[in-house]
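A.B. asks: Pasted the sequence and its predicted model underneath.
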Amino acid sequence: MRTMTVWCADWPVVAALADRDLPGHLPAAVFAANIVRACNGAARDFGVRRGMRRRDAQARCPELVILDEVPERDVRSFERVLAALEELRPGVAPLRPGLAALKSPGRFYGGEPEAGAVIAECLVGLGVRDVRIGVADELFTSEQAARCAGVQESFVVPPGESGAFLRTLPVDVLDEPEAVSLLKRLGLPGLGDLARLPAVDVEARFGARVAWVHRVLHGGGARPLSTRTPPPELVCEVDFEPALDSAEAVCFSARQTAERFVAQLAARQLVCTEVLLVVEADGAVASERRWLHPRWFTATDLIDRLHWQLVGSLRVGDIRSAITRVRMVPETVVPEGDHADGLWGGTDARVERGIARVQGLLGQEAVVAPVLQGGRSPADRQALVPWGERATALRPRGLPWPGSIPPPAPARVFPAPWAADVLDAAGRPLAVLPRGALSGDPARFKPGGAETWQPVAAWAGPWPVDEQWWEGGRVLVRFQMVGVDGRAWLVTFDGSGWVTEAAYD
Amino acid sequence: MFEHRGVTAALHPTEPQADPRTEIDRLRERMRRMEDGLARPELDALPGLSQVIRLRVGGSYQVDSASLALALMAGPSRGGAWCAAVGLSDFGAEAAAELGVVLERTILVPEPGEAWLEATAALVDVASLVLVRPPARVPEAVAAKLSARLRKRSAVLVSIGPWPRAEASVSLAEPRWTGAGRGEGHLRSRRVVLEVRRGSAPPRRTALWFPEPDGSLAPASSRWSEGEAVPSRWSSRERVETREVG
């Protein structure tokens, strides 16, 4: 079976540069643990090689763009290459990011070199410039042929000549460091030398993969490709003709699309928990926002999010012309069994509707859900998440958080601390000295706001906290103060003055 | 609605007949209880708070302390009801969670601005208890309208601050914190007296530990024992021990 291999050279670098919107001609390298994992041609011209240390690479090429290794990104961005190949020829087997094999299209495009040219043209259209194509009788040879091809060219090994072609190559193409090293030490530098060894000895000495290459060298070893099933198209979009310029009209027209979006996911027993809404105006992307749902999106939720996004963008001025298209991209889908309602209970649809009404009245951000997180000050230990969004980047509560105030927690936590005053027995403003000692005992204090001066009945502290001193953070010293009226406050000295952060009301 | 015991008594005429006059009195008593009591069920209350005040659905209540409001909210919230808070920009989520409020079923509208009344009315539809801090004086007519809505939706309104025609007004008096001294220790527990006023009747006073050192609420002995009254001042420290962390 004739096999065609499409090789997008230096794919990790290409994908990372595209991800950061950088031009492809810059010298760049992808690093993992400060070792070069992949570099592009421009970097190779400076002498950067795989396996080089970061400081050596930067010494040879100071303007080298440093990129982090993100395997998911490589796989994700290779997806569109696979989709483009599937458009041209179904039955594509992804080998790894940057490398894919397919059954050679034969005479459909007029011949194998012509088919390679069509594919190369298609991929260059996607922005992948360094694409090389190899065609041979089976997978291993076609991959080696692709590596011998020039940029945007095909290298065709005629039928039955795989063995002759491979015998000219060095053993390094085996991609098995131990076997390659051993073969070289045995004085067998080329695949031709390997081919002269008896098959049984190769299997016993070098393992299964080298044995397979040995069979290929003798004209066998053909394997069927494990082609993938193309993933279903879950993105939904709706075009407006004529273009619409009000949020309400867009939401009304997008309702059916939202229902289709949810229904086609439901047909696959999936629900969407994260969606990307893209609004295009005049053919250009005008507004793009990612929405998280605490449970999953229904059609009504999607329309709500679209409305909020449109109202916000129209107010800020991101959308200046009439809207021509709305696209809904499912970013995260999960099996619906993960989110199934219990037989009794679950979030009340009635509650969600009531909250949506308040959100319509005051704006989406006005309704919040309180969540707890870790931290030292009472304000740090809680977070208010807009209703309908998921809390992200919360500090873990399980850590010890030295310097935090022991329970009970204050019932009132002021969003902006009140300016306070604390005096010692002589009537001078109290201060905390740099070593943490107090300049006197607190005698009278005024918590701020509408509160009045009152004597201190009892106090506890200090709880000094020196957070982020490497970034010029200040030392905060917290005290619990109880007035003679019996009420307690959390009063903090912030280096220059006193503030009231919370009240034990 | 029907009292089970009363129904069975009516079905079994063989039981000894009571004096007709006491029977009429008993029935009148039942009628009265059905009118203002049984027709309006009570919300769940925290164990320590239930003998002080119980919230009846459809009523509005007035309190003067944030922690008291959170404690009133904790009862229904623990029982599975949704609760909301309007205008509390200084909501202490951790204190609420310590008292037993289930934050997953809590809706906050911290800054409702001018539309606080509309937001409150909309949340009354979905939550069993709505906590509100009115930014200005509330007109009687507005309170009456909201009260009708509360009765219709079987919800309770708790206002931190004055509320016209509140069914009861609970205030937290004579707070005494224990645990803090002259720099040593930390706040541990508080003894308070809750004063419940209904109409023009004299206030009913109950002493409570609010909270106890373990965070719960418990009745306190009515007489204030001097030993625990005054925050401990016996150990005055010359120097304050510091704990530097970062």
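C.D. replies: In hand now; what should we look at?

A.B. asks: give the contact list for A:Gly47.
C.D. replies: The neighbourhood of A:Gly47, defined by C-beta atoms under 8 Å, 6 or more residues apart in numbering or on different chains, consists of A:Arg60, A:Cys61. Just so you know, the C-beta spots here come from the backbone N, C-alpha and C atoms, and that holds for glycine as well.

A.B. asks: And for B:Arg204, nearest residue in space, chain neighbours not counted?
C.D. replies: In space, and not counting its chain neighbours, B:Arg204 is closest to B:Val196: 4.8 Å by C-beta to C-beta, 6 or more residues apart in numbering or on different chains.

A.B. asks: ok, that neighbour touching B:Leu172?
C.D. replies: No - using C-beta atoms under 8 Å, B:Val196 is not in contact with B:Leu172, being 10.9 Å away.

A.B. asks: Could you work out the end-to-end span of stretch A:367-386 for me?
C.D. replies: In stretch A:367-386, first residue to last residue: 6 Å (C-alpha to C-alpha, to the nearest Å).

A.B. asks: what residue ranges in the chain score low on pLDDT?
C.D. replies: Just going to use chain A. Scanning chain A for pLDDT under 70 picks out A:338-348.

A.B. asks: try chain B instead
C.D. replies: Using pLDDT under 70, chain B drops low at B:1-18, B:33-39, B:222-246.

A.B. asks: which residues in it form strands?
C.D. replies: Assigned by DSSP state E, chain B shows strands spanning B:60-63, B:83-86, B:106-109, B:129-132, B:156-160, B:168-180, B:182-183, B:185-197, B:204-209, B:218-219.

A.B. asks: could I get the ones you listed as CSV with mean neighbour count?
C.D. replies: Listed next are those as CSV, based on neighbours: other C-beta atoms under 10 Å in any protein chain shown:
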stretch, mean neighbour count
strand B:60-63, 23
strand B:83-86, 29
strand B:106-109, 25
strand B:129-132, 29
strand B:156-160, 25
strand B:168-180, 20
strand B:182-183, 20
strand B:185-197, 20
strand B:204-209, 18
strand B:218-219, 14
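
A.B. asks: And those: which comes nearest A:Val334?
C.D. replies: strand B:106-109 (25.4 Å; C-beta to C-beta).

A.B. asks: Briefly note if the closest one comes near chain A.
C.D. replies: Yes - for strand B:106-109 and chain A, the contact criterion (C-beta under 8 Å from any C-beta of the partner chain) is met by B:Thr106, B:Ile107, B:Leu108, B:Val109.

A.B. asks: Surely B:Leu217 and B:Thr206 touch.
C.D. replies: No - in this structure B:Leu217 lies outside contact range of B:Thr206 using C-beta under 8 Å: 10.9 Å.

A.B. asks: Quick one: end-to-end length of stretch A:15-26, please.
C.D. replies: Termini of stretch A:15-26 sit 13 Å apart (C-alpha to C-alpha).

A.B. asks: List the buried residues for it?
C.D. replies: A:Ala15, A:Ala16, A:Leu17, A:Ala18, A:Gly24 (16 or more other C-beta atoms under 10 Å in any protein chain shown).

A.B. asks: Let's verify the last one: helix, strand, or coil?
C.D. replies: Okay, so that is A:Gly24. Classification of A:Gly24 using DSSP: H, G, I helix; E, B strand; the rest coil returns coil.

A.B. asks: residues in contact with it?
C.D. replies: A:Val14, A:Leu17, A:Ala18, A:Asn40, A:Gly127, A:Arg129.

A.B. asks: State the distance from it to chain B.
C.D. replies: Per C-beta to the nearest C-beta, to the nearest Å, A:Gly24 is found 45 Å from chain B.

A.B. asks: phi, psi of that residue?
C.D. replies: phi -80, psi -10 (degrees, to the nearest 10).
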